[in-house]
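Peer 1: Mind folding the following:
(one chain, ligands or ions: 1)
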Amino acid sequence: MTSDEFRKHGHYLIEWMARYMENIESYPVKSSVQPGDIFKQIPGDPPEKPESFESLMHDFEEIIMPGITHWQHPDFFAYFPANTSPPSILAEMIIATLGTQCMIWETSPAAAELEEKMMIWLRGLIGLPDCFEGVIQDTASTATLAAIVTAREKVSDFLINDEGATSAGILRVYCSEQTHSSVEKAVRITGLGKRNLVKIPVRDDFSIDTAKLKEAVEADKRNGFMPCCAIATLGTTGTMAVDSIRAVGEICAENNIWFHVDAAMAGTALILPEFRWMIDGKEFIDSFVFNPHKWMFTNFDCTAFFIREPALLIRTFEILPEYLKTRTRGKVNDYRDWGVPLGRRFRALKLWSVIRSYGAEGLREKVRYHINIASCLSKMIYQESDFEILAPVMLNVICFRYKPAETDEKHLNNLNEELNHLLNDSGKIYLTHTMINGKYTLRMVTGQTNVTMDHVEKAWVLIKNTARNLKL
Ligand SMILES: *Cc1c(COP(=O)(O)O)cnc(C)c1O
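Peer 2: Numbers count the residues shown, from 1 in each chain. Here you go, the predicted structure:
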């Protein structure tokens, strides 16, 4: 592709992108293709001869777009959002154009230093103490893995990195039953073993039962196990429950346990002063992760990982082959030593663009609005006697179900599952489910960048009408 062709296609593409954003609501939210539909339309062999960009775009529209689920549709209420925004997209274009590989300071000093500063900005925005240092990771799963490996090395006095996983006794990791699966994945990968992940029951509000955590830690110590790491969650995946940082932190401090906080989704709400209570007890935290790529309008991927003692993280991950030795080593942050991958994208530029474009006030306004519309929706659901709210609405997740008259639980589960599929297949809205105490629960998240009260009201009418037309 020549420079002139690039320019021409680039202008066309910007136009395409702007139109997509303007017309997003004309697409069905959830793709309705069947398994294999897309695969069978792509030729079995790559082309031998060059093809034009026009033919690529033609096939993109015809073949790919029907198989896209539109995460940026304001009627996307499923999972947790993976938001983007125009300033983020523009920065992503620069990142791709520069194509820098930001593994060490010398491979792009500006990337390393902007990252360092962006982590300081974010730290201030969410109210973490100044002693924390941050690094951008690809996902919360990777950051949590980095935290648990570091905890493992700290507890084993850096023995396991050298001698292998069995060399330091049996290490135990604690989290609640509602904790994200990335914790279990990390415990498996680190060689600590799934059976040494102790899942603590939750209270009625789905937050970790800290009395039970304390008992579990004490029992483990009596039985010769070595407590290693505990994970508290701000905003669990199922119901957005908030664990008590102070209560878990105190148990960690008493027992020399690494304290990792997974705030992947709800961390963004810490930019609001009225939600800072969620990190009461922050002085106990060793590491903390949240995802600007979920609810802070920065397109995937961009995870912020904070650590109180980066020296422990670096000592855990550092590995120094000859070809990576530099004269600046020790004077600068070489982020390759701060996690699993060597190669790193220039993600800080997206954050810089998003934060400057919205301003802290603009970010706060949007996040606060999302929380407000969740609260309004929960009130509307509460008013209908044939619907039931199944978990406290803390932030912007509403867990509810349709519950007409007296029906048995099994029938209610089937009914709500059918309702969920009908709603999603309509293409008008998209929501996902969770199970709460055996109850099939609809789960609606009001966190898409452009969602408004209007979208939520229309969605609620659709949900009510669809439910009341079900055959009982
Ligand atoms: C989304 C989520 C994760 C996983 O995030 P990734 O960045 O996709 O790895 C982990 N924990 C919680 C609480 C989450 O909401």
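Peer 1: L145 reaches V340, doesn't it?
Peer 2: Yes. Counting by C-beta atoms under 8 Å, V340 is a contact partner of L145 at 6.6 Å. Any C-beta I mention is one placed from the backbone N, CA and C, and that applies to glycine too.
Peer 1: Mind checking which of the two has more residues around it?
Peer 2: L145 (21 against 14; other C-beta atoms under 10 Å).
Peer 1: how about the more buried one, secondary structure?
Peer 2: helix (DSSP: H, G, I helix; E, B strand; the rest coil).
Peer 1: For the closest residue to it other than its chain neighbours, list the residues it contacts.
Peer 2: In this structure, L145 finds its nearest non-sequential neighbour in A186, 4.2 Å apart by C-beta to C-beta, 6 or more residues apart in numbering. By C-beta atoms under 8 Å, 6 or more residues apart in numbering, the contact list for A186 reads S141, T144, L145, A147, I148, V149.
Peer 1: give me that answer again for 10 Å
Peer 2: 141-149, 152, 173, 192, 197, 229, 231, 260 (C-beta atoms under 10 Å, 6 or more residues apart in numbering).
Peer 1: Check the gap between M453 and R364 for me.
Peer 2: Applying C-beta to C-beta, to the nearest Å, the value for M453 to R364 is 18 Å.
Peer 1: swap in T449?
Peer 2: Counting by C-beta to C-beta, the gap from T449 to R364 is 14 Å.
Peer 1: more neighbours, the two?
Peer 2: Remark: of T449 and R364, T449 carries more neighbours, 20 against 17, as counted by other C-beta under 10 Å.
Peer 1: coming back round to it: now, which of the contacts of A186 lie close to the ligand?
Peer 2: Here is what survives when the contacts of A186 are matched to the ligand using C-beta under 6 Å from any ligand atom: S141.
Peer 1: which among the contacts of A186 end up buried?
Peer 2: The neighbour count (16 or more other C-beta atoms under 10 Å) marks 141-149, 152, 173, 192, 197, 229, 231, 260 as buried among the contacts of A186.
Peer 1: Could you point out which of these is nearest to the ligand?
Peer 2: S141 (3.3 Å; C-beta to the nearest ligand atom).
Peer 1: so who does that closest one touch?
Peer 2: H180, S181, S182, V183, K185, A186, I189, D262, A264, V289, T303.
Peer 1: any idea how this structure splits into domains?
Peer 2: 1-30+69-85+360-472, 100-345 (automatic domain parsing).
Peer 1: Is the ligand within reach of the shortest one?
Peer 2: So that's domain 1-30+69-85+360-472. Yes. Counting by C-beta under 6 Å from any ligand atom, the ligand is contacted by domain 1-30+69-85+360-472 at F80.
Peer 1: tell me the pLDDT at V149?
Peer 2: Per-residue pLDDT puts V149 at 97.
Peer 1: could you list every residue that touches it?
Peer 2: Contacts of V149 (C-beta under 10 Å, 6+ apart): 160-161, 186, 189-192, 229, 313, 316-317, 339-340.
Peer 1: Backbone dihedrals for it, please?
Peer 2: Backbone geometry at V149, expressed as degrees, to the nearest 10, gives phi -60, psi -40.
Peer 1: ok, now I285?
Peer 2: Here is the backbone geometry of I285 (degrees, to the nearest 10): phi -70, psi 130.
Peer 1: ok, how many other residues are close to K214?
Peer 2: Here the number of neighbours of K214 (other C-beta under 10 Å) works out to 17.
Peer 1: That one falls within a strand, correct?
Peer 2: No. Counting by three-state DSSP, K214 falls outside a strand, being helix.
Peer 1: quick one: it and the ligand, what's the gap?
Peer 2: Shown here: K214 relative to the ligand, a distance of 23 Å by C-beta to the nearest ligand atom, to the nearest Å.
Peer 1: hang on, I245 packs against D280?
Peer 2: Yes. Here I245 reaches D280: they are 6.3 Å apart, a contact under C-beta atoms under 10 Å.
Peer 1: Please state the offset of the least confident helix or strand in the chain by mean pLDDT from the chain centre?
Peer 2: Here the helix or strand of the chain ranked lowest by mean pLDDT, DSSP states H and E is helix 160-163, holding a mean of 93. Relative to its chain's centre, helix 160-163 lies at 31 Å (C-alpha atoms, centre = their mean, to the nearest Å).
Peer 1: Pairing partners for whichever helix or strand comes after that helix, with directions?
Peer 2: Moving toward the C-terminus from helix 160-163, the next helix or strand (DSSP states H and E) is strand 171-176. The pairing partners recorded for strand 171-176 under DSSP bridges are strand 197-200 (parallel), strand 226-233 (parallel).
Peer 1: tell me the most buried of those?
Peer 2: strand 226-233 (a mean of 27; mean count of other C-beta atoms under 10 Å).
Peer 1: The residue of the stretch 251-400 of the chain found nearest the ligand - nearest residue in space that isn't next to it in sequence?
Peer 2: Closest approach between the stretch 251-400 of the chain and the ligand, counting by C-beta to the nearest ligand atom: A264, at 3.3 Å. Leaving aside its sequence neighbours, A264 sits nearest to A140 (C-beta to C-beta, 6+ apart; 4.0 Å).
Peer 1: swap in P86?
Peer 2: Per C-beta to C-beta, 6+ apart, closest to P86 is M21, 7.3 Å.
Peer 1: what number of residues lie near the one you found?
Peer 2: With other C-beta under 10 Å as criterion, M21 counts 15.
Peer 1: likewise the one 10 residues further on?
Peer 2: By other C-beta under 10 Å, 17 other residues sit near S31.
Peer 1: And the strands in the protein, which stretches?
Peer 2: 133-137, 171-176, 197-200, 226-233, 258-262, 287-290, 303-307, 387-389, 397-402, 432-436, 439-445 (DSSP state E).
Peer 1: so what does the first one touch, helix or strand wise?
Peer 2: Which is strand 133-137. Judged by 3 or more C-beta pairs under 10 Å, 6 or more residues apart in numbering; DSSP states H and E, the packing partners of strand 133-137 are helix 109-126, helix 140-155, strand 287-290, strand 303-307, helix 310-317, helix 348-383.
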